[in-house]
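In: Pasting the sequence and the predicted coordinates here, then a few questions.
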Amino acid sequence: MMYPREGPFIMSESQQEARVRVQDLRERWRATSLASVWIRPNDWDHPAAEALAEALAEGRGVIAPAERLGAARAEVGAGITEALDDVACLYAAFGRPTDVGALRAAAIGWVGERERVPYQIATRDPSTGLPTGEYLGERLRETYGTAQRSGASAGTTHCLLVLDVGLDSLDTWQRLARSAAIGRTLHQVFGEGHPMAAVGDGTFVVLCERGPSTAELGQSLRRVVERNAEVLGLTTEVRRPTRVWVERLPGTHDDALLLLDHLAR
């Protein structure tokens, strides 16, 4: 019996149009992400990104592909803030509000991959994008050394601005989303490279020059944190009202490290 030979697969016109729409969305997503949040362009492209763009463009479920993308982002060393902001860029490129379910799925995938293969980062906390507490401790050492060499006291030249947004009974997703949002807010207020860190669950510390405007800066920070929480739909993950206060630096660097340990509790 003779069977006809199969010819090459030819997409219909509607399939071709759908493919073009997916590719166009993917390229707009990539351009938006690279221009605003993604740090290493060579790490962005991944089959999981293609799958998520395709699911969104075709109106299919995004949870599974978003979780795979979160794992892929963790695998290349992207922090949680960068990974979730990247997903938000997809929805911005698509012209729709960000799907919280997709963000949650990406965060779950990111955490799962990090737990499977821990990625060591010496100076930066991937959950917030902020420097680690250890790095802040070294910056404090420099501050005390500079003050001593100039004949001044670190307590008169600098202080710690403390932000407490902590709440009990949050799940892993809520804590990650809050950490990412606060990390982004602190970068927004103080700029990249400023000495600051997350020192506990919901507690963040910024090393600031001491001056008449320090207290006003703290109040401005509180307003920005609460406004961003409303914009991002995280009002139930952030303490209201947000607590912000100024801690005077103690006499020695060792005592400053003890203060950081105390604030972490």
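Out: Looks like it came in fine.
In: in which helix or strand would I find residue 198?
Out: For residue 198, the host element (DSSP states H and E) is strand 196-200.
In: residues of the following helix or strand past that strand that come out buried?
Out: Under the assignment DSSP H and E, the closest C-terminal helix or strand after strand 196-200 is strand 203-209. By neighbour count on 16 or more other C-beta atoms under 10 Å, the buried set for strand 203-209 is 203, 204, 205, 206, 207, 208. Glycine gets a C-beta too; all of them are placed from N, C-alpha and C.
In: Can you get me a residue count around residue 114?
Out: Counted with other C-beta atoms under 10 Å, residues neighbouring residue 114 total 19.
In: I'd assumed residue 75 was in contact with it.
Out: No: using C-beta atoms under 8 Å, residue 114 is not in contact with residue 75; the gap is 9.2 Å.
In: returning to that earlier point: tell me the neighbouring strands of the strand holding residue 198, and mark each as parallel or antiparallel.
Out: strand 203-209 (antiparallel) (DSSP bridges).
In: For the strand it pairs with, the averaged confidence score.
Out: Mean per-residue pLDDT for strand 203-209: 94.
In: Can you name every helix or strand that the next helix or strand after that strand contacts?
Out: As assigned by DSSP H and E, the chain's next helix or strand after strand 203-209 is helix 214-231. Where contact means 3 or more C-beta pairs under 8 Å, 6 or more residues apart in numbering; DSSP states H and E, helix 214-231 is packed against strand 158-164, helix 172-190, strand 243-248.
In: What are the contacting residues of the strand holding residue 198?
Out: Residues from elsewhere that reach strand 196-200, judged by C-beta atoms under 8 Å, 6 or more residues apart in numbering: 125, 127-128, 130-133, 135-136, 166, 179, 182-183, 186, 190, 204-207, 260, 263-265.
In: Now that we have those, which of them are buried?
Out: Neighbour-count burial (16+ other C-beta under 10 Å) applied to the contacts of strand 196-200 gives 125, 127-128, 130-133, 135-136, 166, 179, 182-183, 186, 190, 204-207, 260, 263.
In: returning to that earlier point: check the helices and strands packed on helix 214-231 for me: which has the lowest mean pLDDT.
Out: Note on those: lowest mean pLDDT is at helix 172-190, with a mean of 87.
In: ok, residues contacting that one?
Out: When contacts are defined by C-beta under 8 Å, 6+ apart, helix 172-190 is touched by residues 80-81, 84-85, 103-104, 107-108, 110-111, 125, 127-130, 163, 165, 170, 194, 196, 198, 201-202, 204, 206, 220-221, 224-225, 228-229, 232, 234, 236-238.
In: Select only the buried ones of those in PyMOL?
Out: A single PyMOL command selects the buried members of the contacts of helix 172-190 (16+ other C-beta under 10 Å):
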select buried, resi 80+81+84+85+103+104+107+108+110+111+125+127+128+129+130+163+165+170+196+198+202+204+206+221+225+228+229+232+234+237+238
